[in-house]
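>>> Fold the following, please.
(chains A and B)
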Amino acid sequence: MLRAKPTAGAKRPRGLLRHAILLLGVVVSLFPFYWMIVMATNTTSAIYRYPPTLTIGSELATNIAHVFEKIPFFAAMGNTIVVAVSTTVLVLFFDSLAAFTFAKFEFPGRRVLFGVLIAMFMLPAQLSLIPQFLIMVKFGWAGELQALIVPAAANAFGIFWMRQYITGAVPDELLDAARLDGCGFFRQYWHVALPVIRPGLAFLGIYTFIMAWNDYVWPLIVLVDPDRLTLQVALSQLNRSYGQDYSMIMAGALLAVLPLVIMFALFARGFIADAVKGAVRG
Amino acid sequence: MDPDVSVSRAPGSRRIRSYWPQYLAISPFFVIFAVFGLFPVLFSLYLAFHRWDGLGEMQFVGLDQFRYVLEDGTFWLSMRNTFIIWFISTIPMLSIALVIAAMLNSTKRFSAFYRVAYFVPNITSLVAVAIFFGAVFSTNFGLINAFLQAVGLPTGRWLTDPLGMKIAVATVMTWQWTGYNAIIYLAGMQTIPSDVYEAAKIDGAGPVQTFFRITIPMLRPIILFTVIVSTVSGLQSFTEPQVLFGTNTTLNPNTGGPGQGALTMVLYFYHQAFDNRDFGYGAAIAWVVFAVIALFAAINWRLVQRREK
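Next comes the predicted model:
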């Protein structure tokens, strides 16, 4: 600030120190992205000499071409997009519909059912992994993408979060008016609630998409067909098989990370505020 | 007011039937939960009392599988590893997050930029991050050793030394979760009324005193939340050690890197269940891990709660 108040003079060193420390934290946070780009744009031998190359190079295209040679990259990315998009669409619909019901309607068993839903948070994933895998084998879904999509199509977190949101965002008067006009339950959801809760859906949609995109444990277990993998599993395999070719692997990692980081940067502000709400309230 | 409360109370099943749209609306979650949540958990308890490779006959073995887990030196090693990794990641993670949050809380400038920058690690693919840190910690000419060499310090064999491996895994976790926790703490700090701080200032408290005497005590519920979340998720760490040290089973019958120094509990579970196809034993390990985590979370809960008084 140029026109500092007289008293601010004594405070300024402290303010500067504060920003210096915060900026150091930012560097630690963001440096991996820079270093990933450095590694992905140089040859492996350029990075792994002493002293290492610290600037962005010109080998990106070569490294990416190597990635495409070693793994079916576009197929894996296609699978990831199919899974992430379908999961997100299903979650948005099922979770918001259930959340709308729990938030705005009284029906026998409502409290018990919502209690069951909350209890779901407590179940650790690894308890159900083996039987889930066996179920998928039985269904003939092991190795198929629906093994990733169907179990994730509705979840307790989303319903819980949306219920909180809808309780505040959808005025009861609006629903009452719609009912007087003869709107049934589903038309109230579709025509009254949905248009109002779009900001909430935006958060849940981005959150679900990120989780689906980055998911690793379950795809690793259930995608038994080596020709049908998601990006994360393919990336991990690339790392396992060609661990020494760091430049190529970093090019692959960069391709897997970049779409999400760009999406996040576009939506970040509202998203972070919404993500924190759940935690602080809980 | 709930719109449907006014509906007259019809008796019995006709009344229930009149709510069919509501039940239909919530049914997708409960159907999915029943098939892919509740049934698997119950079935894994059943499995834990059996020996089964997924193909042949299931054989009832009573509590044997649990006994094997408790007598299994490798399981104990994995538990030890998990707790060490948890400790050396969570303590710095939450302490640094508190400091960052306090600093963010007392500045308005660039706050949107700071938030995004600190949150980005949390949405970044864990597989990519683990691979990245593997390259950075690499013994031969990884960035960290290059730096240590440049400033004249001894280099470390981060990916082969038992403690170095744990530090590498813990670094991944710390990098990914510090900013997230800082943003959570910041949200909590912003709910502390400003007159509390003003009163402290009048009493002559400096920033450090204010931080320890006011901010931390008033944040207690949120600190409790983050401690429980990091306990539950930290003790289930899998992807980081699996990507960095989960070796191909055909080449190496064990997993978790040299000397199994980075074998965590859930990685060991995965290895027994899905590499060795020992489903009964895997299920028993999963339940023991669940018990360990629940117990430790409860202990942490008590510890953080008690300090409140």
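
>>> CA only for contacts and neighbour counts going forward, please
Will do.

>>> Can you name the element that comes right after the helix or strand bottoming out on mean pLDDT in chain B?
Least confident helix or strand of chain B, by mean pLDDT, DSSP states H and E, is helix B:12-17 with a mean of 75. Counting by DSSP states H and E, the next helix or strand C-terminal to helix B:12-17 is helix B:20-33.

>>> Touching that following helix from outside, list them.
For helix B:20-33, contacts defined as Cα atoms under 8 Å, 6 or more residues apart in numbering or on different chains pick out A:94-95, A:97-99, A:101, A:105, A:107, A:150-151, A:153-156, A:185-186.

>>> ok, now with 7 Å
Counting contacts by Cα atoms under 7 Å, 6 or more residues apart in numbering or on different chains, the residues outside helix B:20-33 that touch it are A:94, A:97-98, A:101, A:151, A:154-155, A:185.

>>> Regarding residue 82, which helix or strand does it belong to?
No chain in the question, so chain A it is. helix A:73-104.

>>> ah, I was thinking of chain B
For residue B:82, the enclosing helix or strand under DSSP H and E is helix B:73-105.

>>> Using just helix, strand and coil, how would you label residue B:298?
Put simply, residue B:298 is helix when judged by DSSP: H, G, I helix; E, B strand; the rest coil.

>>> I'd like the distance between it and residue B:41.
21 Å (Cα to Cα, to the nearest Å).

>>> Neighbour count: these two, which is higher?
residue B:41 (24 against 13; other Cα atoms under 10 Å in any protein chain shown).

>>> and the more buried one, what is it in contact with?
Listed by Cα under 7 Å, 6+ apart, the contact partners of residue B:41 are A:127-128.

>>> Residue A:119 - how many residues pack around it?
Neighbours of residue A:119 using other Cα under 10 Å come to 11.

>>> before we move on, the earlier item: quick one, the helix holding residue A:82 and helix B:20-33 angle?
For the pair helix A:73-104 and helix B:20-33, the angle between their directions (axes from the mean of the first three to the mean of the last three Cα atoms, to 10 degrees) equals 140 degrees.

>>> which of the residues in helix A:73-104 are buried?
Judged by neighbour count using 16 or more other Cα atoms under 10 Å in any protein chain shown, the buried positions of helix A:73-104 are A:73, A:75-77, A:79-88, A:90-104.

>>> That one and chain B, any residue contact?
Yes - residues of helix A:73-104 are located near chain B by Cα under 7 Å from any Cα of the partner chain, namely A:94, A:97-98, A:101, A:104.

>>> Just send those residues back as TSV, with pLDDT and distance to residue B:173 too.
Shown next, in TSV, are those (pLDDT from 0 to 100; distance: Cα to Cα, whole Å):
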residue	pLDDT	distance to residue B:173
A:94	98	32
A:97	97	35
A:98	97	34
A:101	97	38
A:104	95	40
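
>>> for the helix or strand hosting residue B:174, packing partners?
Secondary structure here is read from DSSP H and E; on that basis residue B:174 sits in helix B:162-189. The helices and strands touching helix B:162-189, judged by 3 or more Cα pairs under 7 Å, 6 or more residues apart in numbering or on different chains; DSSP states H and E, are helix A:246-281, helix B:73-105, helix B:111-123, helix B:126-137, helix B:220-234.

>>> can you tell which of these is closest to residue B:245?
Residue B:245 sits nearest to helix B:126-137 of all the helices and strands packed on helix B:162-189, at 9.4 Å, using Cα to Cα.

>>> Show me the contact partners of the helix or strand just after that closest one.
On the C-terminal side of helix B:126-137, the nearest following helix or strand under DSSP H and E is helix B:143-150. For helix B:143-150, contacts defined as Cα under 7 Å, 6+ apart pick out A:50-51, B:136-137, B:139, B:154-156.

>>> Please point out which parts of helix B:143-150 sit buried.
Neighbour-count burial for helix B:143-150, counted by 16+ other Cα under 10 Å, picks out B:143-147, B:149.

>>> Could you single out the nearest of those to chain A?
Distance from chain A was checked for each of the buried residues of helix B:143-150 by Cα to the nearest Cα. The minimum falls on residue B:146, at 6.8 Å.

>>> Show the model's pLDDT score for that closest one.
For residue B:146, the pLDDT comes out at 88.

>>> quick one: the helix holding residue B:174 to helix B:111-123, angle?
Put simply, helix B:162-189 runs at 140 degrees to helix B:111-123, going by the same axes, to 10 degrees.

>>> what element comes up after helix B:162-189 heading to the C-terminus?
Next along the chain from helix B:162-189, counting by DSSP H and E, comes helix B:194-202.

>>> Check what contacts that following helix and list those residues.
For helix B:194-202, the surrounding residues in contact (Cα under 7 Å, 6+ apart) are residue B:210.

>>> picking that back up, pull out the buried positions in the following helix or strand past the helix holding residue A:82.
Later in the chain than helix A:73-104, the nearest helix or strand by DSSP H and E is helix A:110-119. Judged by neighbour count (16+ other Cα under 10 Å), helix A:110-119 contains these buried residues: A:110, A:114, A:117.

>>> what's the spacing between the last one and residue A:168?
According to Cα to Cα, residue A:117 and residue A:168 sit 20 Å apart.

>>> Near chain A, which residues of the stretch 51-200 of chain B are found?
Within reach of chain A by Cα under 7 Å from any Cα, the stretch 51-200 of chain B has these residues: B:100, B:103, B:114, B:116-118, B:121, B:123-128, B:132, B:135, B:141-142, B:146, B:184, B:188.

>>> re earlier: looking at the helices and strands packed on helix B:162-189, which is buried most?
Ranked by mean neighbour count under mean count of other Cα atoms under 10 Å in any protein chain shown, these are led by helix B:126-137, which reaches a mean of 24.

>>> what about that one, average pLDDT?
Helix B:126-137 shows a mean pLDDT of 94.

>>> what's that helix packed up against?
Based on contacts counted as 3+ Cα pairs under 7 Å, 6+ apart, the elements that helix B:126-137 packs against are helix B:143-150, helix B:162-189, helix B:239-245.

>>> Compute the distance from the centre of that helix to the centre of its chain.
How far helix B:126-137 lies from its chain's middle: 18 Å, per Cα atoms, centre = their mean, to the nearest Å.

>>> any residues touching that helix, and which ones?
Counting by Cα under 7 Å, 6+ apart, helix B:126-137 makes contact with A:36, A:214, A:232, A:236, A:246, A:253, B:142-144, B:158-159, B:168, B:172, B:239-240, B:243-244, all of which sit outside it.

>>> Residue 216 - how many residues pack around it?
If you meant another chain, say so; for now it's chain A. A total of 20 residues lie near residue A:216 under the criterion other Cα under 10 Å.

>>> that's the other chain; I wanted chain B
Residues within reach of residue B:216, counting by other Cα under 10 Å, total 18.

>>> swap in residue B:154?
Around residue B:154 sit 9 other residues, with neighbours defined as other Cα under 10 Å.

>>> Quick one: residues contacting it.
When contacts are counted by Cα under 7 Å, 6+ apart, residue B:154 is found next to residue B:148.

>>> low pLDDT regions in the stretch 1-150 of chain B?
Scanning the stretch 1-150 of chain B for pLDDT under 70 picks out B:1-12.
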